[in-house]
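Colleague: Fold the following.
(one chain, ligands or ions: 1)
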Amino acid sequence: MTAPFGARLAGAMDRFGPLCVGIDPHPGLLAAWGLTDDVQGLRRFALTVVEALVGEVAALKPQVAFFERHGSRGIGVLEEVLAAVRGEATQVVLDAKRGDIGSTMAGYGDAYLAPGAPLACDALTVSPYLGVGALMPAVTAAEATGRGLFVLALTSNPEGALVQHATASDGQAVAAHVARQVAELNARALAAAPAALGPYGLVVGATVGDAVRRHGIDLAAVRGPLLAPGVGAQGAGAAELADVFGGARRAVLASTSRAVLDAGPTVASLRDAAARAVDEASRALR
Ligand SMILES: O=C(O)c1cc(=O)[nH]c(=O)n1[C@@H]1O[C@H](COP(=O)(O)O)[C@@H](O)[C@H]1O
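Modeller: Next up is the predicted model:
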């Protein structure tokens, strides 16, 4: 790979605007598209989204659960999706939210971040709730291959607050610690290879209200991309994006799945819906 993930993503955001579209083949969406809830339907759905949106949006984000529910052949379709987007300007964020003890994280690093891995992606979503430090083998794997990670900090679902807003022994919120530790990873990576964005991002839902301000989290100091799900089906829009991210908004990659996927099954209608979502995100985050 030529440039590291943060530089590739920054380039794609400059070119296509600050939008990531999720590939979430829910059974209800397969039915709405007139597809069967099986591997054939899954394949048609996912490859139609790829055909419609590669070269149109900054990132695509396949959600592994909707591939895994079809077993090994569903994973085979995920491999096809990743192969179809690999090397394109549109980046692939694989949404697997992996998080485990360090020795197991090395296995996830091999699965998703190693060169030549069938499931290799540009960046992987990871969960820090076994400790940000436990993610280090994945950081090492990402660093070796110019890939990236998105670490969950403030998730878009209301249930996340109990854990993420909890106060650690030093009086800081758990999410603030996650942000600080990811900022340290980026500072190290950017010292070695300067770029517009570091390779380690945070996930901060567009639905989190004033949580960033309330917990004194300095998102700009992270110097990495801020993946903002919750746009569309979960209720957030332009106003919420502008409000949650404030001065860090230039680093935001707004993320939406159902709000665009609902427009299928045609390539043209998906492109139109994505173009409208790109416009809305661009205006909110300008
Ligand atoms: O990591 C994610 O992408 C993610 C984090 C989060 O805090 N909230 C969240 O909704 N997501 C994912 O983003 C997608 C949201 O889908 P829609 O609600 O249809 O836009 C789903 O695939 C979720 O798993």
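Colleague: Check whether stretch 206-222 comes near the ligand.
Modeller: No: on the criterion CB under 6 Å from any ligand atom, stretch 206-222 is out of touch with the ligand, staying 8.2 Å away. The way it works is simple: take the backbone N, C-alpha and C, and place the C-beta from them, glycine included.
Colleague: heads up, I number from 557, so please use that
Modeller: Shifting the count to begin at 557 puts that one at stretch 762-778.
Colleague: Would you mark the buried spots in that stretch?
Modeller: Neighbour-count burial for stretch 762-778 flags 762-764, 767-768, 771, 773, 775, 778 (criterion: 16 or more other CB atoms under 10 Å).
Colleague: neighbours around the residue in the stretch 607-756 of the chain positioned nearest to the ligand, how many?
Modeller: For the stretch 607-756 of the chain and the ligand, the shortest gap (CB to the nearest ligand atom) falls at Thr711, measuring 3.2 Å. Neighbourhood size, Thr711 [other CB atoms under 10 Å]: 21.
Colleague: likewise Pro684?
Modeller: With other CB under 10 Å as criterion, Pro684 counts 23.
Colleague: Is it correct that it is in contact with Leu708?
Modeller: Yes: proximity of Pro684 to Leu708 meets the contact threshold set by CB atoms under 8 Å, at 6.3 Å.
Colleague: list residues touching both of the two?
Modeller: Val734 (CB atoms under 8 Å, 6 or more residues apart in numbering).
Colleague: The ligand contacts on this structure?
Modeller: Residues of the chain lying near the ligand (CB under 6 Å from any ligand atom): 578, 580, 617, 619, 651, 653, 681, 711-713, 759, 761, 785-786, 788-790, 811-815.
Colleague: Now, the residues you listed that are in helices?
Modeller: Counted as lying in helices by DSSP state H, out of the residues of the chain next to the ligand, are 814-815.
Colleague: can you name the two of the buried residues of stretch 762-778 that are farthest apart?
Modeller: The largest separation in the buried residues of stretch 762-778, counting by CB to CB, is between Thr763 and Val778 at 19.1 Å.
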